[in-house]
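Student: Quick check, what structure comes out for this input:
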Amino acid sequence: MKSFARIAFVVLLAGAASAQTPRQVSLGEVWVADGVRVVPLTIDQVEGVLAVDINIVLDSRQVSVVDFQLTDLLPGFFAFHNVDADTLKFAAASAQAVEAGSGVFAELQLEDTGANPELLFSMVVLNGDEIPVEYAPRWVPTVVAEEAALPDGYQLAQNYPNPFNTETTISFTLLESTPVELAVYNTSGQKVRTLVKGERAAGEHRMIWNGRDDKGAPVASGRYVAKMAGAGFAREMGMTLLK
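Tutor: Have a look, this model is predicted:
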């Protein structure tokens, strides 16, 4: 694939930057459609974003990038991407900052070869480092649940690791495609963080909780409860956060 020089977006912002809670950027659940494996990129708050620069490390011998598209969460943005050696470089910018929102802001489309490629965030920059951002610089397997390996019921597995001090993985399985909510509550019964809300396909799903609430603020050490609920089913399990 032809290599292109990286586009540098220069963002001029008035006034000094005030202290901000770091934004959380991550890879979401993967699905396959029409021979294409779709990897969503999510953000917990897009307010004020003018420019995005992302590098993703991949094995170009196993992975063929079909496209990289923005969603309606970033309206009016100009986007560019190219693969240089084993790094996918993506950049997007707009003359007007996004007002507010959260969820999937871009979708990486890969040719579905039947293999389970692994991706790695090596860089995520918002507004030229004007907005702090946190992301997981670790390998994330883009595994898709096979149609033949459906669960025999609705299950919410014990998180791992537990106890944990930075982040933990919560797994759940669905018997069929259905709307579901997975949220974390404190011992007072108050909702701390919504991890999943909406329709999900049958099979196993994995979510990572980083010990932060819906506003991105770190929560206190202690015991928390993960609750999964949908039409006709409900499950919950306890977790312990240690710092």
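Student: May I ask which helix or strand of this structure has the lowest mean pLDDT?
Tutor: strand 139-141 (a mean of 52; mean pLDDT, DSSP states H and E).
Student: Tell me what Val133 is bridged to.
Tutor: Counting by DSSP bridges, Val133 is bridged to Arg23.
Student: Let me see the contact set for it.
Tutor: Contacts for Val133 (Cβ atoms under 8 Å, 6 or more residues apart in numbering) come out as Pro22, Arg23, Gln24, Val25, Val124, Val125, Leu126. For glycine as for every other residue, the C-beta is placed from the backbone atoms N, C-alpha and C.
Student: Kindly indicate which of those residues lies nearest Met239.
Tutor: Gln24 (18.4 Å; Cβ to Cβ).
Student: Name the nearest residue to that closest one, ignoring sequence neighbours.
Tutor: The spatially closest residue to Gln24, leaving aside those adjacent along the chain, is Asp44, at 4.2 Å (Cβ to Cβ, 6 or more residues apart in numbering).
Student: Angles on the backbone of the one you found, please.
Tutor: For Asp44, the backbone dihedrals (degrees, to the nearest 10) come out as phi -80, psi -20.
Student: Relative to Arg235, how far out is Gly153?
Tutor: 10 Å (Cβ to Cβ, to the nearest Å).
Student: More neighbours: those two, which one.
Tutor: Arg235 (17 against 9; other Cβ atoms under 10 Å).
Student: For that one, pull up the helix or strand it's in.
Tutor: If you go by DSSP states H and E, Arg235 is part of strand 233-241.
Student: Does anything pack onto that strand? Which helices or strands?
Tutor: Strand 233-241 is packed against strand 155-156, strand 222-230, with contacts defined by 3 or more Cβ pairs under 8 Å, 6 or more residues apart in numbering; DSSP states H and E.
Student: Same list, the ones you listed, but as TSV with distance to Asp59, mean neighbour count and mean pLDDT please.
Tutor: TSV is the format used below for the helices and strands packed on strand 233-241 (distance: least, Cβ to Cβ, whole Å; neighbours: other Cβ atoms under 10 Å; pLDDT from 0 to 100):
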stretch	distance to Asp59	mean neighbour count	mean pLDDT
strand 155-156	32	17	88
strand 222-230	33	18	90
